[in-house]
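**Student:** sequence plus predicted model, see below.
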Amino acid sequence: MTAVPSILSVWLLRLALTSGLASTVVAGPPTPLTSPGRPVAHEADEITVTASGLETALAESPTAVTVLGGAALRASAAVALDDTLRQVPGFTLFRRSGSRSANPTTQGASLRGIGGSAASRALVLADGVPLNDPFGGWVTWGRVPRLSLARVEVVRGGASDLYGSSALVGVIHLLRREPSDRALEVETSAGGQGTGEASAWGSIGRGAGGGRWAGAVAADLLTTDGFIPVAPAERGVVDTPAGVEHRVFEGSLTWRAVPGEAGPGGTERIVLRGSWFDEDRANGTDLQANDTESARLTLGADGRAAVGAYSLRLWAGDQDFHQTFSAVAPDRASERKVREQAVPSEETGLTARFVRELDPGSNPDAASHLLVSGIELRRVEGTSDETVFFASGGTRPLAAGGEQLLGGLYVEDLVRLSARLSAQLALRYDRWSNRRGFRRPGSAGSAAERFGARSEEAWSPRLALRFQPSGTWSLAASAYRSFRAPTLNELYRGFRVGNVVTDPNETLTAERLTGVEVGAVWTPEPRWRLRGTLFRMELEDTIANVTVAITPELILRQRQNLGRSRSRGIELEASGRLGNSLTLDAGYLWTRSEVTDFPADPTLEGRRTPQVPEHQASLRLGWRAPGDLSVRLQARWADSAFDDDRNLFPLGSLTVVDVRIGRPIGRRLEAFLAAENLLDDDYVIGRTPVTTIGSPRLARIGVRYRLGR
C-alpha cells in the first residue's frame, strides 16, 4: 500500500503496547459471552460474528441482528440476493427496484429508514472484506455466487465503532461456506422474461483424515431480457426491456493446521481467494446501457495462542465501469445520446483484529472479559472519463477523479459484569483524506481544475448493555455515533437518469449519525423468539440529491449536505415453529424519517425522506408437507412514500408475494417451481418525472443437485 499516514503506525504500536498485544497475538473464535443454562430460541444455534466481531450466539447479542441461514437463502424464490434480503425489516435500496432490473448505481443499501442514496449507508462485507463499490459506494449484489453462501448477518444500527465509514446504519455480512471433502451443489432454472440462471459450488480436500489443504470453486451465470420499466400509459417507441447478463467465478485455497497443532507463529488457517465478475446491462432504451468488469484477490489468516486470537485480511482489486446516457423526447418517440462515461478504479485494503481474554479477577460471576483491538487501512483511486454529445453534433471530453485514503483504529471491551449483566464499550478513530482531485472541462485551451487535499476525522463510540432478569426475558440498550465519508463518485462524478441531471460536489463533508435504542427479547419457549426495539437516530450533514431547478425539459439536482435529518421508530420481529412442519418469521417497522434542519433551503424542513415509507412489514412461512414437499412463501408490504426531496412525486403502496415449491427426486436431486411477485402487483418505484414500475410476475422452473454437506 502507498501513502499510509505515519501517525497510524504510531497509534497501532501504542495500542498494541497498552493492550499487551506487542508480545503475543492469537486467533480463532474466543469463548462467546453467553449465559450458562439459558433457554434458547429455535435459531439460537445461529452464530453472529458481525455485531461484536466475535462469535456470539444470536440470542445473546445486545444489538438487533437478523441471521438468514443457508437453508433460508436456498429456499428463497428470488434470483437476486438483494430481493431475498427484503424480508429483513427496514432493509431498503435507493429505489424499490431490485438488482435484476435496476442500474447498479441505484443499489445503495440502507436500514431503519435513514434513506437510501446511490452510495450505501450500510456496509456490505463478504467474509470481512468490503463489497461496496470502491468508487461509488453502491453494491453489486451478484459478485458473490449464491450457492457459496453459508449465511447472511444483518446488524441494524450504527456500527462505525468496529467497521468505520459506510457502516453508518449497520452492516450486512455475507459469510461463505467452509470447504469440505467432496462436496458439490448445482442449481439451474429457466422461466419468464427470457430468464435463465445457473449456480454451482464445489469443494475438495481436508477429509476424515484431517488433511491440511482444501479448495473450493463457485460460479454464477444469469441472463434475463427483463421487462420495460416505464409505466404502460407513458411508454413510447424508445422504451425497451431492462435486462442483464452477469458472470461471476471465484476460487479459493485453504490451508488449515491439523487439530492439536499450529503453524508458524500460531497460525491456524490461511485462505487465498480470487474472484472475477463481468456484467452487461440494458437500461430501458437502445442508447442506455452499462457494463462492469472487476477482479479481486484476497488473503486471510487466523491464528491462536495462549492469551487470545488474531485475524488478518489483505485485498486488492480493480474495476472498469462503463455507462451511456440519453435524453428522451417528451413524447418518448425519440432519444439522443448525451453522455458516455468510463470509470476505472482500483482499491487496496488491510484489516487486522486482535483479541485478548483478560483475567476475570475476583468476580466469580464473570464468564469472560475480552479486549478487542484492530486497524483498518484502505486506498481507493478512480476517474470518470466522459464524452458529452451535443444536439448540434459536436462533442466535448470531460474528466474528473481523485484518490481517497482511509485509516482507522479501534478498541472494544466486552465484559460480563455479573451473571445477568454484560456490557460492550467500544471506541474508534478514523481519519481520511481526499487527494489529487481534479476536473477537466475539456474546452479548447482550458486547464484542469485542481482541488486541494482535504482531510477529515471521526470518533465513533458505542456503549451497549444487556440485562437478563429471567430465563425468558432479556433487555438491551445502546448509544453510538457513526459516520460515512463521501465517495469519489459523490465528490467528482455527475450523472443523468432520464431527464434528471445530478451534479457532483467536491466540497461535501461526512455524514455523522447519533443513535440510541432500547430493546427487549422474549423467549417464551425454545422454539420461539420475539424482539422489539425502539430507536432514534439523528443524521447531520446528510448527503442528498437536492433539486436546484425544474423546467419542462430538465430537472437539475446537486449533491449537497443537508443540515440535519431524523429517523425514529419501532422495530418488531418474531420467529418460531408451529408444530413440526411449519416455521414463521415476521417483521414490522414503523419509522418517521424527515428533514429537521436545512438553513440553505428552509422549505425542505419537515419534508419526508425520499423513498422511505412509514410502515413496512414482511412475512416468511415455511411448510414441509408429507412426502417431503416443501413450500416457502415470502411476502412484503410497504405503504406510500415520496420519490423526491420536495415530496412532489408520490409513490403508492406495494404488496409483493414470492413463493417457492420444491420436491425431492431421489436422494440428491430436487425439482422446484419459483415465482416472484406472484400476485403480479403493479407498483411504482420512481418518478423522474416519468413513472417507472417494479418487476411483474416472474416464474421459473428448475432443479438442484447436492452431493455431500
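**Tutor:** Perfect, I can see it now.
**Student:** got the residue ranges for the helices in the stretch 151-300 of the chain?
**Tutor:** Taking DSSP state H, counting those that start in this stretch as the criterion, the stretch 151-300 of the chain carries its helices at 160-163.
**Student:** so which elements touch the helix or strand harbouring residue 671?
**Tutor:** Secondary structure assignment for residue 671, by DSSP states H and E: strand 669-676. Helices and strands touching strand 669-676, as assessed by 3 or more C-beta pairs under 8 Å, 6 or more residues apart in numbering; DSSP states H and E, comprise strand 183-191, strand 654-665, strand 698-707. In short, each C-beta sits where N, CA and C put it, glycine included.
**Student:** list the contacts of that strand.
**Tutor:** 77-79, 83, 189, 191, 656, 658-665, 695, 697-706 (C-beta atoms under 8 Å, 6 or more residues apart in numbering).
**Student:** direction included, what does it pair against?
**Tutor:** strand 654-665 (antiparallel), strand 698-707 (antiparallel) (DSSP bridges).
**Student:** just the C-alphas of the first one, formatted as CSV.
**Tutor:** Same thing as strand 654-665. Taking C-alpha atoms only, strand 654-665 is exported to CSV below (Å, rounded to 0.1, in the frame of the first residue of the first chain):
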residue,chain,number,x,y,z
LEU,A,654,-46.8,-2.1,-2.7
THR,A,655,-47.5,-5.8,-1.8
VAL,A,656,-45.1,-8.4,-3.2
VAL,A,657,-45.6,-12.1,-2.6
ASP,A,658,-42.9,-14.7,-3.6
VAL,A,659,-43.3,-18.5,-3.4
ARG,A,660,-41.1,-21.5,-3.9
ILE,A,661,-42.3,-25.1,-4.0
GLY,A,662,-39.7,-28.0,-4.1
ARG,A,663,-40.0,-31.7,-4.2
PRO,A,664,-37.1,-34.2,-3.9
ILE,A,665,-36.4,-36.7,-6.7
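**Student:** quick one: low-confidence parts of the stretch 351-500 of the chain?
**Tutor:** 359-367, 442-446, 497-498 (pLDDT under 70).
**Student:** helices of that one, residue ranges please.
**Tutor:** So, for the stretch 351-500 of the chain - with DSSP H, counting those that start in this stretch - the helices run 488-492.
**Student:** which one of the helices and strands packed on strand 669-676 lies nearest to residue 218?
**Tutor:** Taking C-beta to C-beta, strand 183-191 is the member of the helices and strands packed on strand 669-676 nearest to residue 218, at 9.4 Å.
**Student:** who does that closest one pair up with?
**Tutor:** Here, using DSSP bridges, strand 183-191 pairs with strand 195-205 (antiparallel), strand 698-707 (antiparallel).
**Student:** flag the shaky bits of this protein, pLDDT-wise.
**Tutor:** 1-45, 206-211, 259-265, 305-307, 359-367, 442-446, 497-498, 709.
**Student:** need the residue closest to the centroid of it.
**Tutor:** residue 124 (3.1 Å; C-alpha atoms, centre = their mean).
**Student:** on that earlier part again, adding mean neighbour count and distance to residue 70, write the strands paired with strand 669-676 out as a markdown table.
**Tutor:** Putting the strands paired with strand 669-676 into a markdown table (neighbours: other C-beta atoms under 10 Å; distance: least, C-beta to C-beta, whole Å) gives the following:
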| stretch | mean neighbour count | distance to residue 70 |
| --- | --- | --- |
| strand 654-665 | 18 | 15 |
| strand 698-707 | 17 | 11 |
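**Student:** ok, back up a step: TSV for the helices and strands packed on strand 669-676, including distance to residue 528?
**Tutor:** Shown next, in TSV, are these (distance: least, C-beta to C-beta, whole Å):
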stretch	distance to residue 528
strand 183-191	31
strand 654-665	24
strand 698-707	30
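**Student:** so which residues of the stretch 1-150 of the chain form helices?
**Tutor:** 6-18, 70-74, 81-85.
**Student:** what's the offset of the last one from the middle of its chain?
**Tutor:** Centroid displacement of helix 81-85 relative to its chain, using C-alpha atoms, centre = their mean, to the nearest Å, is 10 Å.
**Student:** for it, packing partners?
**Tutor:** strand 149-156.
**Student:** each with direction, which strands does the strand it packs on pair with?
**Tutor:** According to DSSP bridges, strand 149-156 has these partners: strand 65-69 (antiparallel), strand 170-176 (antiparallel).
**Student:** out of those strands, which is the most enclosed?
**Tutor:** strand 170-176 (a mean of 25; mean count of other C-beta atoms under 10 Å).
**Student:** which residues are in contact with it?
**Tutor:** Counting by C-beta under 8 Å, 6+ apart, 49-50, 81, 85, 91, 109, 111-112, 122-128, 131, 144, 148-159, 163 sit against strand 170-176.
**Student:** likewise stretch 489-504?
**Tutor:** By C-beta under 8 Å, 6+ apart, stretch 489-504 touches 103, 105, 118-119, 133, 135-137, 323, 325, 327-328, 338-339, 341, 343, 382, 384, 400-402, 434, 437, 439, 505-506, 508, 543, 545, 553-559, 688-690.
**Student:** same deal with stretch 581-593?
**Tutor:** With C-beta under 8 Å, 6+ apart, stretch 581-593 has contacts from 42, 66, 87-90, 112-115, 565-578, 608-609, 612, 614-625.
**Student:** I'd like to know which of those are part of helices.
**Tutor:** Within the contacts of stretch 581-593, no residue falls in helices by DSSP state H.
**Student:** quick check: residue 410 touching residue 371?
**Tutor:** No. The pair residue 410 / residue 371 is not scored as a contact, 11.4 Å apart, by C-beta atoms under 8 Å.
**Student:** which one's more surrounded, the two?
**Tutor:** residue 410 (24 against 19; other C-beta atoms under 10 Å).
**Student:** the more buried one: what's it in contact with?
**Tutor:** 161-162, 372-374, 426-429, 460.
**Student:** got it, and residue 390?
**Tutor:** Residue 390 neighbours (C-beta under 8 Å, 6+ apart): residue 396.
**Student:** do residue 391 as well
**Tutor:** Contacts of residue 391 (C-beta under 8 Å, 6+ apart): residue 336.
**Student:** before we move on, what about residue 645?
**Tutor:** With C-beta under 8 Å, 6+ apart, residue 645 has these contacts: 544-547, 595, 604, 607, 610.
**Student:** from the residues you listed, pick the one nearest residue 466.
**Tutor:** Distances from residue 466 to these, taken by C-beta to C-beta, are shortest for residue 595, at 33.7 Å.
**Student:** wait, that closest one touches residue 565, no?
**Tutor:** Yes. At 5.0 Å, residue 595 counts as touching residue 565 under the criterion of C-beta under 8 Å.
**Student:** identify the contacts common to those two.
**Tutor:** 542, 609.
**Student:** in the stretch 501-650 of the chain, which spans are helices?
**Tutor:** Using DSSP H, counting those that start in this stretch, helices in the stretch 501-650 of the chain do not occur.
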